[in-house]
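Chemist: With the sequence up front, the predicted model follows.
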Amino acid sequence: MIADPADYEIIDAHTHPFLDFKTGCIGHYGKPETMEEFDREMRKVGIGRYAGAPILLKKITEFKDIIAVNEDALRIRDRFPSYIPGIHVHGAFPQESCELLHKMYREENIRYIGELVPYIMGTEPFNSPGMLTIFREAGKLGMTVDIHQGSFEEVDAMLEAAPGLNIIMAHPGEAAQAKPRFEYLKKSPRLFMDISGTGCFRWNMIRYAVDCCGVEKIIFGSDMPTCSAGMFLYCVMSENLTDEERRLILAGNFKRLLGI
């Protein structure tokens, strides 16, 4: 028999909640339409808590839009206590972003950045001078960032610039991409991967990743609502993992990073 989600604490570390369906929902088939529906779908499959940043579906050229999408994250948290906010920053506005980090950290107890999605929001490559300045400041605060893919060159620069920053690389990808990425995670104790996106629908990917780089590196995420949270959860439930490995992947590793 496969494992039962009811036996585990589950935190989905990679979601994109939204307040405005037209400007922030990345679901491909028109659902969910509201945060009430989003929250209900997560609970229906057994996910007790979920984290991540809302997305603004446009290239951002003014910092006021970063402020607005982060305010959405706080409003969602106020309405849905199961949500752990992630916030956005922008490499074209390093000073403003660093000031925002400190404010969010101090006043709102925010410890999580992202998932950052430059290909959607135009917030600069992760190794741009502005982004590295921001990551350096986030590292001083001991924060964690989730980044969309990210080349090894980009992540190398992040590791060097921000010694205190925990980096979650999202989306393993197909085997030809995923296997080198799992090997790369061994490079630093501050590197992790969430299983969202392409990858874990291939049987045994999670078991392979755990054997390759260690269970402490692997974090549960779905990319809801562009992907099915239930499908990703049952990947973890059905693979040949120990009970303790599931507990770490489903919540323990992420809680350790955020200190919750």
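Modeler: Cool, the structure landed.
Chemist: ranges for the strands of the stretch 51-200 of the chain?
Modeler: For the stretch 51-200 of the chain, strands defined by DSSP state E, counting those that start in this stretch occupy the ranges 83-85, 112-116, 144-148, 166-170, 191-194.
Chemist: Please convert those to JSON lines, extending it with distance to Ala3, mean neighbour count and mean pLDDT.
Modeler: Every C-beta, even on glycine, is put in place using the N, C-alpha and C of the backbone. Formatted as JSON lines, the strands of the stretch 51-200 of the chain follow (distance: least, C-beta to C-beta, whole Å; neighbours: other C-beta atoms under 10 Å; pLDDT from 0 to 100):
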{"stretch": "strand 83-85", "distance to Ala3": "23", "mean neighbour count": "23", "mean pLDDT": "98"}
{"stretch": "strand 112-116", "distance to Ala3": "26", "mean neighbour count": "26", "mean pLDDT": "98"}
{"stretch": "strand 144-148", "distance to Ala3": "25", "mean neighbour count": "24", "mean pLDDT": "98"}
{"stretch": "strand 166-170", "distance to Ala3": "23", "mean neighbour count": "25", "mean pLDDT": "98"}
{"stretch": "strand 191-194", "distance to Ala3": "19", "mean neighbour count": "23", "mean pLDDT": "98"}
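Chemist: closest to Met131 out of the ones you listed?
Modeler: Closest of these to Met131 is strand 112-116, at 8.5 Å (criterion: C-beta to C-beta).
Chemist: would JSON lines of the strands of the stretch 51-200 of the chain with distance to Arg247 be doable?
Modeler: JSON lines is the format used below for the strands of the stretch 51-200 of the chain (distance: least, C-beta to C-beta, whole Å):
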{"stretch": "strand 83-85", "distance to Arg247": "18"}
{"stretch": "strand 112-116", "distance to Arg247": "20"}
{"stretch": "strand 144-148", "distance to Arg247": "19"}
{"stretch": "strand 166-170", "distance to Arg247": "18"}
{"stretch": "strand 191-194", "distance to Arg247": "16"}
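Chemist: do you know which of these lies nearest Cys98?
Modeler: In terms of C-beta to C-beta, the element of the strands of the stretch 51-200 of the chain nearest to Cys98 is strand 112-116, at 11.9 Å.
Chemist: For that closest one, report the contacting residues that lie outside it.
Modeler: For strand 112-116, the surrounding residues in contact (C-beta atoms under 8 Å, 6 or more residues apart in numbering) are 14, 16, 51-53, 84-89, 101, 123, 126, 138, 143-148, 168, 170, 258.
Chemist: what does stretch 64-82 give?
Modeler: Applying C-beta under 8 Å, 6+ apart, the contact partners of stretch 64-82 are 17-20, 24, 35, 39, 42-43, 48-50, 53-56, 58, 60, 83-90, 93, 96-97, 100, 104, 108.
Chemist: Which members of the residues you listed are positioned in helices?
Modeler: Filtering the contacts of stretch 64-82 for membership in helices, criterion DSSP state H, returns 24, 35, 39, 42-43, 96-97, 100, 104, 108.
Chemist: which of these tops the neighbour count?
Modeler: Tallying neighbours with other C-beta atoms under 10 Å puts Met42 at the head of those, with 27 neighbours.
Chemist: what's the longest helix in the protein?
Modeler: The longest helix of the chain (DSSP H) is helix 63-79.
Chemist: List the buried residues in that one.
Modeler: Applying a neighbour-count criterion of 16 or more other C-beta atoms under 10 Å, one finds 63, 65-66, 69-70, 72-74, 76-77 buried in helix 63-79.
Chemist: I'd like these written out as a markdown table, with distance to Arg247 and pLDDT added.
Modeler: Listed next are the buried residues of helix 63-79 as a markdown table, based on distance: C-beta to C-beta, whole Å; pLDDT from 0 to 100:
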| residue | distance to Arg247 | pLDDT |
| --- | --- | --- |
| Phe63 | 40 | 98 |
| Asp65 | 38 | 97 |
| Ile66 | 35 | 98 |
| Val69 | 32 | 97 |
| Asn70 | 31 | 98 |
| Asp72 | 31 | 97 |
| Ala73 | 27 | 98 |
| Leu74 | 30 | 98 |
| Ile76 | 27 | 98 |
| Arg77 | 25 | 98 |
